[in-house]
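S.K.: next come a sequence and a model predicted from it.
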Amino acid sequence: MATKRTAKEILTAYNGPKLRIMEVCGTHTHEIFRQGVRKLLPENIELISGPGCPVCVTPVGFIDEAIYLALEKNVTVCTFGDLVRVPGTQSSLAGARAQGAKVQVVYSPLDAVTYAKEHPEQQVVFLSVGFETTTPASCLAVEQAKEQGLENFSLLTANKTMPSAYHALKDSVDVYLYPGHVNAITGTALVESLVEEGISGVVTGFTAKELMTALAVAVVKAQEGKPFFVNCYPRVVTHEGSPEAQKLVTRFMEPCDTEWRGLGVIPQSGMRLREEFSAFDARKKFDIPPITGRANPACRCGEVLQGKCKSTDCPLFGTVCTPLHPVGACMVSNEGACSAYYQYGM
Ligand code: SF4
């Protein structure tokens, strides 16, 4: 009779070839550090931080567009707090605020709709970033603004979809830890189908037990020598996902090419408002000119997001670049890899 082994026993006993496991999601990166999971792993299991932090993958040019709206078009920019400190080419939104820009921190897109309703004299733009988990809320905000007849609310979109990143990074990764909250919306059909392209992955939740289980499953399945998919988070993630959220997004948005920090433009990996909702599209409404952002050349966020280097390989890490004085987005966001290394890895 086969003896049962704990996840920890499976992981610590692994002595096969180097296995590169990418925790795609920034929350996974932080939880893996916080729970001390890395310390339990043998050297031949390498955890790579991936591009699943929405603030981190948002390109510099997007911050520049937001600053352009705030300073040149006198728009009130509503945003999640993290984005305020992300450096643009010349300045961050915090810097723009010091120059008189109106920048309002909100906790959801619907808060921005409420703000627009309460301030009819202001044009309000919500910075819509994130993946499949946050995109439905932006669509809901447009729906509400439309229903309420608000003409002073719009979105500056940089929404992204995860599967394109899985393709883009597949050569640097043996197994993906798929983000459970994204798959709760999308379902698993898409990532299951990636197996046919040789891409392996495990969906996981966020507790230490869930992460350890998923890592152990990844190690056991990888040793079988063929591509695989396992849903280790079935209490939340189903094959179908959330049809309501999917319908909402399909009604308001359509795929488009979009730029990812570090990964460049990935075709059809973004979401933008459909033509019929262009009154809520800030780029069209305010006729934003093409803006190409330039990141600080010393910052290695792009390579960190591709798993090509660790945060600690960056010469600015922990010296010039700290959470108080971030040089790149990965040090700003609570989900950023550099921030995780700084908080837990030093
Ligand atoms: S430590 Fe700072 S400068 Fe270096 S890659 Fe990370 S965010 Fe960029």
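M.R.: Great, that's in hand. Numbering: from 1, shown residues only.
S.K.: can you show me the CA trace of stretch 160-175 as PDB?
M.R.: Extracted in PDB, the C-alpha atoms of stretch 160-175 (Å, rounded to 0.1, in the frame of the first residue of the first chain):
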ATOM      1  CA  LYS A 160      -5.200  43.000 -19.400                       C
ATOM      2  CA  THR A 161      -6.000  39.300 -19.800                       C
ATOM      3  CA  MET A 162      -3.600  36.700 -18.300                       C
ATOM      4  CA  PRO A 163      -3.500  33.900 -20.800                       C
ATOM      5  CA  SER A 164      -1.400  36.000 -23.300                       C
ATOM      6  CA  ALA A 165       1.300  36.400 -20.700                       C
ATOM      7  CA  TYR A 166       1.400  32.600 -20.200                       C
ATOM      8  CA  HIS A 167       2.200  32.200 -23.800                       C
ATOM      9  CA  ALA A 168       4.800  35.000 -23.800                       C
ATOM     10  CA  LEU A 169       6.700  33.500 -20.900                       C
ATOM     11  CA  LYS A 170       6.300  29.800 -21.500                       C
ATOM     12  CA  ASP A 171      10.000  29.200 -22.400                       C
ATOM     13  CA  SER A 172      11.200  30.500 -19.000                       C
ATOM     14  CA  VAL A 173       8.800  28.400 -16.900                       C
ATOM     15  CA  ASP A 174       8.100  24.700 -16.300                       C
ATOM     16  CA  VAL A 175       4.900  25.100 -14.300                       C
END
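S.K.: give the buried residues for that stretch.
M.R.: Neighbour-count burial for stretch 160-175, counted by 16 or more other C-beta atoms under 10 Å, picks out 160-166, 168-170, 173-175. The way it works is simple: take the backbone N, C-alpha and C, and place the C-beta from them, glycine included.
S.K.: in helices only, show me those residues.
M.R.: 163-166, 168-169 (DSSP state H).
S.K.: just these now: which is nearest residue 26?
M.R.: residue 165 (12.7 Å; C-beta to C-beta).
S.K.: does the closest one touch residue 51 like I think?
M.R.: Yes. The criterion here is C-beta atoms under 8 Å, and residue 165 meets it with residue 51 at 5.1 Å.
S.K.: common neighbours of those two, please.
M.R.: 24, 260, 263 (C-beta atoms under 8 Å, 6 or more residues apart in numbering).
S.K.: reformat those as a markdown table; add secondary structure.
M.R.: Formatted as a markdown table, the shared contacts of residue 165 and residue 51 follow (DSSP: H, G, I helix; E, B strand; the rest coil):
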| residue | secondary structure |
| --- | --- |
| 24 | strand |
| 260 | strand |
| 263 | coil |
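S.K.: which among those residues gets closest to residue 247?
M.R.: residue 24 (24.9 Å).
S.K.: what's the separation between that closest one and residue 54?
M.R.: Distance, residue 24 to residue 54, by C-beta to C-beta, to the nearest Å: 12 Å.
S.K.: so which bits of the biggest helix by length in the chain are buried?
M.R.: Using DSSP H, we find that the single longest helix of the chain is helix 208-222. Using 16+ other C-beta under 10 Å as the test for burial, helix 208-222 gives 210-222.
S.K.: could you point out the helix or strand that follows that helix?
M.R.: Sequence order places strand 229-231 as the next helix or strand after helix 208-222, per DSSP states H and E.
S.K.: can you name every helix or strand that that following strand contacts?
M.R.: Under the contact criterion of 3 or more C-beta pairs under 8 Å, 6 or more residues apart in numbering; DSSP states H and E, strand 229-231 touches strand 200-204, helix 208-222.
S.K.: redo that, cut-off 10 Å
M.R.: With contacts taken as 3 or more C-beta pairs under 10 Å, 6 or more residues apart in numbering; DSSP states H and E, strand 229-231 sits against strand 175-179, helix 189-193, strand 200-204, helix 208-222.
S.K.: make CSV from these and add distance to the ligand and mean pLDDT to it.
M.R.: What follows is the helices and strands packed on strand 229-231, written out as CSV (distance: least, C-beta to the nearest ligand atom, whole Å; pLDDT from 0 to 100):
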stretch, distance to the ligand, mean pLDDT
strand 175-179, 21, 95
helix 189-193, 28, 92
strand 200-204, 25, 97
helix 208-222, 23, 95
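S.K.: so for residue 252, which of those sits nearest?
M.R.: Of the helices and strands packed on strand 229-231, nearest to residue 252 by C-beta to C-beta is helix 189-193, at 20.0 Å.
S.K.: in contact with the residue nearest to residue 97 when sequence neighbours are not counted, which residues?
M.R.: Leaving aside its sequence neighbours, residue 97 sits nearest to residue 103 (C-beta to C-beta, 6 or more residues apart in numbering; 4.6 Å). Shown in contact with residue 103 (C-beta atoms under 10 Å, 6 or more residues apart in numbering): 66-67, 70, 75-79, 83-84, 92-94, 96-97, 127.
S.K.: kindly recompute the last result at 7 Å.
M.R.: 70, 77, 79, 84, 93, 96-97 (C-beta atoms under 7 Å, 6 or more residues apart in numbering).
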